[in-house]
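# Predicted structure and sequence below. I'll ask about it afterward.
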Amino acid sequence: MITIAVDCMGGDVGPAATLPACAAFLSSHPQAQLVLVGLPGAFQNWPQLLNNVRCRVVPASEVVAMDDPVEVALRKKKDSSMRVAIQQVKSGAAQAAVSAGNTGALMAISRYVLKTLDGIDRPAIASQLPNARGGGTTVLDLGANVDCTAEHLLQFAVMGSALVVAITGKAEPTVGLLNVGEEVIKGSEVIKKTGILLRNASNTGDLNFFGNVEGNDIFKGTTDIVVCDGFVGNVALKTSEGLAAMVGTFLKQEFSRNIFTKFAAIIAYPVLSAFKKRVDYRRYNGAALLGLRGLVFKSHGSADEMAFETALNRAYDAARNNLLDRVRLRIASAAPFLLPPDASANGGAAPAPH
């Protein structure tokens with residue numbers, strides 16, 4: 001049995017989306033158990049969950065709001081549904097936690113409760129963006145770290161590789177470094193240094209580094225993984241989410257104009273509808289917070305029932321395929337390349353993670 005702790009109160013919709021998603025998830029996953037965390041009154045209209053032997057409720061007295069400052073969520077709301085869900089992973093009562101709540105708060109609480117893995121300075125947010133090959137390109141970081149060093153980006157590549165191996169089963173996923181051009185001489189000093197580190201790791205077999213890639217390569221599916229800082233990654237994520245919304249708006253507008261645009265829209269509808277489905281973020285919902293001593297998955301804040309169930313599916317697959325152990329092994333294998341620049345002055349040992 002795989003047990004997942006669910007922050008049922010997080011997100012824009014809260015229990016109205018999380019609870020039906022949990023019910024649907026349990027129906028399709030007979031080898032799964034859920035720990036539902038939330039205000040006691042949130043579950044009273046869900047007897048199918050309360051009476052399910054594979055479901056257990058853990059009460060929490062507080063909720064982290066989407067606009068709560070990180071300091072409030074971390075220091076003042078110590079019995080929030082988000083924190084209690086993560087503590088289930090810390091205690092071993094669950095193999096993974098899922099929340100649609102405040103991203104900054106989720107990262108801060110996860111780091112505080114679970115701590116980071118040895119060899120990792122900063123956890124990263126990783127998820128898939130749809131590509132032209134019909135699958136998804138794993139991109140990280142998607143917003144947790146705006147200012148990154150070359151060593152941080154190398155760590156992201158190592159963790160992203162472990163994620164793709166665990167989820168897809170692909171033995172040697174390709175890694176691309178997001179840059180303003182494919183040429184080695186292009187990019188900032190941080191990007192150039194990252195390229196050197198990635199090539200060194202690739203030469204020893206610790207990574208399968210493809211080389212520099214550009215923004216359109218994310219959606220082409222040129223590589224399995226694309227590494228970038230959180231600022232750029234978050235822009236790419238929001239752009240991807242906007243594609244489906246744009247197509248949906250376009251179809252509504254064209255159907256409502258005149259007979260000619262309606263006819264054209266009817267002809268184009270199957271193709272545009274298929275495209276909208278392919279880029280629908282709900283099919284890719286569920287970002288992994290990599291680099292922690294436990295599995296935590298972030299659902300989109302506005303996730304509906306379908307999207308939140310997708311996030312549960314991702315957490316389940318990650319736990320079932322031992323993602324945490326795979327990340328640890330990858331980090332251990334690549335340890336010589338993950339040492340910070342001043343490690344030699346510290347006897348060759350990396351400083352303890354913050």
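Received, thanks.
# The closest residue in space to D304 that isn't next to it in sequence: neighbour count?
In space, D304 comes closest to A17 once its chain neighbours are excluded; the distance is 5.4 Å by CB to CB, 6 or more residues apart in numbering. For glycine as for every other residue, the C-beta is placed from the backbone atoms N, C-alpha and C. Residues lying near A17 (other CB atoms under 10 Å) number 23.
# what's the answer for T116, then?
18.
# Distance of it relative to L49?
Per CB to CB, to the nearest Å, T116 is found 33 Å from L49.
# Tell me where the stretch 251-354 of the chain has helices.
Assigned by DSSP state H, counting those that start in this stretch, the helices in the stretch 251-354 of the chain fall at 259-278, 305-320, 323-333, 335-338.
# which of those helices has the lowest average pLDDT?
Looking over those, mean pLDDT reaches its minimum on helix 259-278, with a mean of 64.
# Pop the domain breakdown of the protein in here.
Following automatic domain parsing, the chain resolves into domains at 1-114, 121-283+323-339+348-354.
# Turn the ones you listed into JSON lines, including distance to A303.
Below are the domains of the chain laid out as JSON lines (distance: least, CB to CB, whole Å):
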{"stretch": "domain 1-114", "distance to A303": "5"}
{"stretch": "domain 121-283+323-339+348-354", "distance to A303": "7"}
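# For the residue most central in space within the chain, which non-adjacent residue is closest in space?
Residue closest to the mean C-alpha point of the chain, counted by CA atoms, centre = their mean, is A287 at 1.4 Å. Nearest-residue entry for A287: S127, 3.6 Å, with adjacent residues in sequence omitted and distances by CB to CB, 6+ apart.
# going on from the host helix or strand of that neighbour, what's the next piece of helix or strand?
Secondary structure from DSSP states H and E places S127 in strand 124-130. Next in sequence after strand 124-130, counting helices and strands by DSSP H and E, comes strand 136-140.
# just for the protein, where's the confidence low?
Low-confidence segments of the chain, defined by pLDDT under 70, are located at 243-248, 250-258, 260-265, 268-269, 271-281, 337-354.
# related to what we said a few turns ago, among the domains of the chain, which is the most enclosed?
Most buried of the domains of the chain by mean neighbour count (mean count of other CB atoms under 10 Å) is domain 1-114; its value is a mean of 20.
# Now do the end-to-end distance for that one.
End-to-end distance for domain 1-114, by CA to CA, to the nearest Å: 22 Å.
# Over to stretch 3-21?
Note: stretch 3-21 ends 15 Å apart using CA to CA.
# now do stretch 220-233
So stretch 220-233: terminal residues 16 Å apart, CA to CA.
# residues in contact with that stretch?
124-125, 131-133, 135, 137-148, 153, 156-157, 160-161, 164, 168, 170, 173-178, 194, 198, 210, 213, 217-218, 236 (CB atoms under 8 Å, 6 or more residues apart in numbering).
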